[in-house]
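Asks: Okay, predicted coordinates and the sequence, questions at the end:
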Amino acid sequence: MKFVVTSRGDETSNKLQQRIKRYLLDFGLTFDFEEPDIVITVGGDGTLLHAFHRYNHRLEETAFVGIHTGHLGFYADWVPDEVEKLVTHIAKTPYQIVEYPLLEVVIRHADESKSERHLALNECTVKSLEGSLVSNVEIKGDVFEVFRGDGLCISTPSGSTAYNKALGGAILHPSLASIQIAEMASINNRVYRTIGSPLVLPQHHTCLLKPQNKVDLQVTIDHFTLTDKQIKSIQCRVAEEKIRFARFRPFPFWKRVKDSFIGG
Ligand code: NAP
Ligand code: MN
């Protein structure tokens, strides 16, 4: 089996990264930076987000597992103390796979040939760089509303505990293949009207954002930021692809939610 270990880059994570690498090499596994079967990340959820984007061209062949050197994470849910147990598991036992849904984002530009497709593990956000964002929101081909406000956040179920949560969105279980649209400070008065509640769309229901004012937009895909004036539309839906996590012991999603936000 081929593996790679990535690190957040701080001293603690780097040391643990080297230890895991040595253990797995001793067990006879092969280090392969280009085509790993398993990607082990050491750091936080941000570290796993980076690794996801590094290997998102071969999601079907790759399993991810995250170790946190800081606070408990949603993707990084193993503690450093468990590392020996984890590497033995990886080396000796066939592991289970759990799959989480992803968000597909297609950004169309005035110049059609520059259209781009992205996959997000957490979310896509759309904001205006000056003034309010004014954007038509189409759902399944029909205009649903004209949004005016700071911006919109379209998240995956596993991303629902990240930015989406700060916007008052619901926490969705990752077994629900869906996307959630949450508003950022919408303007609501006698002239402008938005739904005001987060919306959850099932698979195959496409959300299309068509910005109406000619201002520079700031679009984020997870930790990446794209800035462009010439964006015609941003299309979001549940992706065909999924992320695969290697599962070595049960750690139910609701328990992770409780441990992260409520505490023991
Ligand atoms: P960051 O600024 O270091 O991340 C912000 C925080 O979100 C970190 O504590 C991170 O955990 C945590 N996080 C990431 N994914 C999460 C998830 N699925 N559930 C719960 N918490 C999660 O930047 P980053 O580490 O590169 O992460 C990028 C993410 O930051 C974006 O995808 C977005 O969701 C989030 N963000 C949130 C806000 C907000 O809440 N107002 C604003 C901007 C961005 P770690 O410390 O373990 O990395
Ligand atoms: Mn981070």
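Replies: That came through, no problem. Ligands and ions are numbered 1, 2, ... in the order given.

Asks: Report the contact partners of the residue of the stretch 101-250 of the chain at minimum distance from ligand 2.
Replies: Nearest residue of the stretch 101-250 of the chain to ligand 2, counting by CB to the ion: residue 223, 7.8 Å away. (Glycine included, C-beta is placed from N, CA and C.) Residues near residue 223 by CB atoms under 8 Å, 6 or more residues apart in numbering: 46, 49, 50.

Asks: Buried subset of those residues as a ChimeraX selection?
Replies: Command for ChimeraX that selects the buried part of the contacts of residue 223, burial taken from 16 or more other CB atoms under 10 Å:
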select :46,49,50
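
Asks: nearest to ligand 2, of the contacts of residue 223?
Replies: residue 46 (2.7 Å).

Asks: so where's the stretch 151-264 of the chain shaky on pLDDT?
Replies: In the predicted model, the stretch 151-264 of the chain carries pLDDT under 70 at residues 229.

Asks: Show me where it has its strands.
Replies: 178-186, 199-202, 207-211, 217-221, 224-228, 231-247 (DSSP state E, counting those that start in this stretch).

Asks: can those strands go into JSON lines with extra columns for mean neighbour count and distance to ligand 1?
Replies: Listed next are the strands of the stretch 151-264 of the chain as JSON lines, based on neighbours: other CB atoms under 10 Å; distance: least, CB to the nearest ligand atom, whole Å:
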{"stretch": "strand 178-186", "mean neighbour count": "22", "distance to ligand 1": "9"}
{"stretch": "strand 199-202", "mean neighbour count": "16", "distance to ligand 1": "16"}
{"stretch": "strand 207-211", "mean neighbour count": "21", "distance to ligand 1": "18"}
{"stretch": "strand 217-221", "mean neighbour count": "20", "distance to ligand 1": "7"}
{"stretch": "strand 224-228", "mean neighbour count": "13", "distance to ligand 1": "9"}
{"stretch": "strand 231-247", "mean neighbour count": "18", "distance to ligand 1": "11"}
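
Asks: Look up how far residue 117 lies from the closest residue to residue 228 other than its chain neighbours.
Replies: Closest residue to residue 228 in three dimensions, ignoring its sequence neighbours and counting by CB to CB, 6 or more residues apart in numbering: residue 217, at 6.2 Å. Shown here: residue 217 relative to residue 117, a distance of 17 Å by CB to CB, to the nearest Å.

Asks: Enumerate every residue touching the closest residue to residue 170 other than its chain neighbours.
Replies: Among residues not flanking residue 170 along the chain, residue 198 sits closest, at 6.0 Å (CB to CB, 6+ apart). For residue 198, the contacting residues are 164, 167, 168, 169, 170, 180, 181, 182, 183, by CB under 8 Å, 6+ apart.

Asks: Same question for residue 120.
Replies: By CB under 8 Å, 6+ apart, the residues touching residue 120 are 102, 103, 105, 156, 159, 221, 222.

Asks: tell me which element the nearest residue to it once chain neighbours are set aside is part of?
Replies: Distance criterion CB to CB, 6+ apart; nearest residue to residue 120, sequence neighbours excluded, is residue 103 at 4.3 Å. For residue 103, the host element (DSSP states H and E) is strand 96-109.

Asks: Please export the C-alpha coordinates of that strand as CSV.
Replies: Taking Å, rounded to 0.1, in the frame of the first residue of the first chain, the C-alpha atoms of strand 96-109 are listed here in CSV:
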residue,chain,number,x,y,z
GLN,A,96,-13.6,0.5,6.1
ILE,A,97,-14.5,3.5,4.0
VAL,A,98,-17.1,6.2,4.6
GLU,A,99,-18.0,8.6,1.9
TYR,A,100,-19.0,12.2,2.3
PRO,A,101,-20.7,14.3,-0.3
LEU,A,102,-18.9,17.2,-2.1
LEU,A,103,-20.0,20.4,-3.7
GLU,A,104,-19.5,20.9,-7.4
VAL,A,105,-19.0,24.6,-8.4
VAL,A,106,-19.0,25.7,-12.1
ILE,A,107,-18.0,29.3,-12.6
ARG,A,108,-18.9,30.7,-16.1
HIS,A,109,-17.1,33.8,-17.3
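
Asks: Name every strand pairing with it and say which way it goes.
Replies: Strand 96-109 pairs in its sheet with strand 116-120 (antiparallel), strand 231-247 (antiparallel), by DSSP bridges.
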